[in-house]
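Engineer: For reference, the sequence and a predicted model appear below.
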Amino acid sequence: MILDKIVNHKKVEVEKQKQEESLDDLKRIIKGRDNTKNFKAALKDQGMSLIAELKKASPSKGLIRDDFQVVEIAKEYEQAGARSLSVLTDYEFFRGSLNYLSEVREAVELPLLRKDFIIDPYQIYQARAYGADAILLIVAILSKEELAEYLSIADDLDLDVLVEVHSRKELNIALEIDTEIIGINNRNLKVFEVDLATTLGLQRLIPDDKVIVSESGIRNRNDIELLSEHRIDGVLVGESLMKSNNITAKVQELINS
Ligand SMILES: O=C(O)c1ccccc1NCC(=O)[C@H](O)[C@H](O)COP(=O)(O)O
């Protein structure tokens, strides 16, 4: 499965990164960083909040956007009304970069989610050092103990956490570790199919005090309207924005009711 392949690659990548930039180096950088911006509050603003993703390529689609001026796109997302941004920092499978995170941090005021496959506490410090306000933790690739430990480290670093689930079993784990923000991934990573019914089915099982994000496969206004009939606070959208010739118009199609 693709997740196994990504995780195996990530383990090697992280060990290499630790040689190039130590945890102490990251802690020194973090000391000089401003306070984080409130990702959770941005999701809870009235109406459907858009997390607009900076995604050049993906395992399911290959190259999505050739003309990938990351800072320009981030500024356009912000101007158009996105409430936060998701920055893919994985290079091998998504052609992302940690440097994109720091470049975008300098250019916009919106909260930033580091979108990567976090399998080691080192990457949480890295996220904070490079300018993230929130991280993604994927239940499918972490044990319950790791999830609890990583949530606690993120909390110490003032980072919000989007905990991603795709099934009822994974949702139960997210609820057991008492996370505040739950992302329901509509993409089945075994066969790469997306189905918004995943969100509709799982959101019913989530207590009212949680913040809910629907992720992947959200293409147009109809999809947003369908999700808006349910208790969804935000949507995470990558491909349909990245493929658009007019990003501003596409953002506004998604968010303007
Ligand atoms: O997008 C993929 O092909 C993919 C493959 C393996 C693991 C994760 C993957 N996507 C990460 C995401 O969660 C999406 O980038 C995000 O939800 C936005 O999805 P979309 O709007 O469908 O680009």
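Structural biologist: On my side now, so go ahead.
Engineer: Backbone dihedrals for the residue of the stretch 151-257 of the chain found nearest the ligand, please?
Structural biologist: Here the stretch 151-257 of the chain gets closest to the ligand at one residue, Gly238, 2.9 Å apart by C-beta to the nearest ligand atom. No exception for glycine: its C-beta is placed from N, CA and C like everyone else's. With angles defined as degrees, to the nearest 10, Gly238 sits at phi -120, psi -80.
Engineer: so what's it up against?
Structural biologist: With contact set as C-beta atoms under 8 Å, 6 or more residues apart in numbering, Gly238 has these partners: Glu53, Lys55, Ser58, Ile64, Ser86, Leu88, Ser216.
Engineer: One more pass at 6 Å, please.
Structural biologist: Glu53, Lys55 (C-beta atoms under 6 Å, 6 or more residues apart in numbering).
Engineer: before we move on, what about Ile51?
Structural biologist: By C-beta under 6 Å, 6+ apart, the neighbours of Ile51 are Ser84, Ser86, Gly234, Leu236.
Engineer: which residues does the second one contact?
Structural biologist: Right, Ser86. Ile51, Glu53, Leu113, Lys115, Leu236.
Engineer: try the last one
Structural biologist: The neighbours of Leu236, taking C-beta under 6 Å, 6+ apart as the test, are Ile51, Ser86, Val213, Glu215.
Engineer: My read is that Arg128 contacts Ile30, right?
Structural biologist: Yes. Applying C-beta atoms under 6 Å, one finds Arg128 in contact with Ile30, separated by 5.1 Å.
Engineer: taking the mean pLDDT, what do you get for the host helix or strand of Lys250?
Structural biologist: Using DSSP states H and E, Lys250 sits in helix 247-255. Across helix 247-255, pLDDT averages out at 97.
Engineer: just checking, what packs against that helix?
Structural biologist: Counting by 3 or more C-beta pairs under 6 Å, 6 or more residues apart in numbering; DSSP states H and E, the packing neighbours recorded for helix 247-255 are helix 70-80.
Engineer: now the helix it packs on and helix 247-255, what's the angle there?
Structural biologist: 50 degrees (axes from the mean of the first three to the mean of the last three C-alpha atoms, to 10 degrees).
Engineer: Nice, that's everything, thank you.
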